[in-house]
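this is a predicted model, with the sequence first.
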Amino acid sequence: MPVPKKNQLVGLDIGSHSIKLVEIDNSKKGMILKSFGIVHLPKDIIVEGSIKEIERAASAIKNLFKNLNVKNKNVATSISGFSVIVKKISISKRNQTALDSSIQEEAEQYIPFDISDVNLDYEILKNENEITGEEENGSGHESDVMDVMLVAAKKDIIEEYESLIQLAGLNPVVMDVDAFALQNAFESSTGETSGCYAIINIGAEELGINAIKNGVSMFTRDSSYGGAQITEAIASQLDISYEDAEMLKLGGKELEERERVILEEIFTSMVSGWVQETSRALDFLATTYPDEKIEKIYLCGGASKIPEFMKYLEMETGIPVEELNPFAGLQINEKIFDPKYLSDMAPQAGVAVGLALRSIGDK
């Protein structure tokens with residue numbers, strides 16, 4: 001359904017290594033990619049989701065909007081990492097009013113922060129049997145339990161991101177969670193809302209896993225793994241600057257034999273750690289939900305293109321792995337956008353695309 005222009009939002013994915021912008025025109029002709037761009041951030045401006053140099057980050061955002069000639073000031077952004085808790089909980093059935101008044105008390109059992117330090121949101125999940133019209137337990141009795149998706153985010157992190165966006169002269173309208181934005185992008189690009197699959201997003205400092213069944217997240221986990229580990233290891237072992245190490249990692253320079261051997265060892269060691277972390281998360285999922293089986297893994301994030309990651313992950317888990325292309329559901333004007341460039345950048349664009357699909361007033 002078309003979204004009025006005044007309600008459309010610019011998706012702004014603020015990562016520790018780069019900021020990605022996506023603008024989509026959701027019109028009668030379909031969803032059209034209007035703007036896409038990325039600006040890389042110097043090291044230590046944003047660390048583990050915390051903004052250390054707000055003015056430099058705001059300047060990078062301003063330049064991105066200016067260079068892409070984006071006029072819409074209304075922004076959807078997202079947060080992730082250890083300042084966000086996403087958890088599916090089961091509680092006794094109650095009406096909306098009773099749930100509103102009791103949700104904080106229920107949430108305290110699951111949230112490792114002081115409840116007064118977080119913003120809390122929740123969504124009542126439809127039971128699968130309600131969706132299919134089957135009885136809950138075959139006996140004709142309705143269950144007295146309901147599933148609720150709980151999301152808690154630390155207020156100080158939310159305020160940091162709101163302040164950053166306002167400092168860039170923009171209006172923060174929607175604050176989402178990376179995992180949900182990616183799920184949004186996945187469903188838009190594939191048209192799939194059923195099945196059991198996992199989305200793995202690996203960026204500079206974070207490896208995020210979201211396991212989803214029939215459009216509902218069953219399990220999320222964020223871990224401190226990412227492409228920056230590889231850059232730091234290269235810089236340390238070759239005794240070069242972080243910037244030079246980043247260039248080596250990305251293949252921007254001819255390698256000497258010694259450098260090639262060291263890089264291969266670092267890649268193998270780091271990728272092995274990522275694969276093991278993913279495998280542990282999927283083992284935990286299998287134990288928690290023994291009746292569910294992950295049918296496919298979708299990879300995204302800037303570090304997902306690291307050599308061998310996809311291959312080793314598929315070998316270790318025995319589950320088919322493919323790259324998520326968030327642009328697949330959008331109409332692309334090839335006179336404006338180079339298809340090869342979009343293909344290269346697709347793994348990094350998932351969160352921003354998912355955010356750009358949000359609009360003012362949506363649920």
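Received, thanks. What you are looking at is a predicted structure, and each value in this text was computed from that prediction instead of being measured.

wait, a helix at residue 147?
No: counting by DSSP: H, G, I helix; E, B strand; the rest coil, residue 147 falls outside a helix, being strand.

ranges for the strands of the stretch 51-200 of the chain?
All strands of the stretch 51-200 of the chain, identified by DSSP state E, counting those that start in this stretch, fall at 74-79, 84-92, 118-125, 145-154, 171-177, 196-202.

out of the ones you listed, nearest to residue 216?
Shortest distance between residue 216 and the strands of the stretch 51-200 of the chain, using C-beta to C-beta, is found for strand 118-125: 5.6 Å. C-betas here are computed from N, CA, C, even on glycine.

by contact count, what packs against the closest one?
When contacts are defined as 3 or more C-beta pairs under 8 Å, 6 or more residues apart in numbering; DSSP states H and E, strand 118-125 packs onto helix 96-107, strand 145-154, helix 155-167.

if we use 6 Å, what do you get?
strand 145-154 (3 or more C-beta pairs under 6 Å, 6 or more residues apart in numbering; DSSP states H and E).

tell me the pLDDT of residue 294.
pLDDT recorded at residue 294 is 95.

for it, give me its contacts.
Residues near residue 294 by C-beta atoms under 6 Å, 6 or more residues apart in numbering: 196, 198, 319.

so which of those is the closest to residue 17?
Nearest to residue 17, judged by C-beta to C-beta, of the contacts of residue 294 is residue 198 at 22.9 Å.

pretty sure that closest one sits against residue 297.
Yes: if you go by C-beta atoms under 6 Å, residue 198 and residue 297 touch, sitting 4.9 Å apart.

and residue 43, how far from residue 16?
Distance, residue 43 to residue 16, using C-beta to C-beta, to the nearest Å: 9 Å.

between these two, who's got more neighbours?
residue 16 (23 against 16; other C-beta atoms under 10 Å).

for the more buried one, give me its contacts.
Shown in contact with residue 16 (C-beta under 6 Å, 6+ apart): 46, 204, 205.

pretty sure it sits in a strand.
No: per three-state DSSP, residue 16 lies outside any strand segment and is coil.

so what's it scoring on pLDDT?
So residue 16 comes in at 89 (pLDDT).

quick one, helices of the stretch 151-300 of the chain?
155-167, 178-190, 227-238, 242-249, 257-288 (DSSP state H, counting those that start in this stretch).
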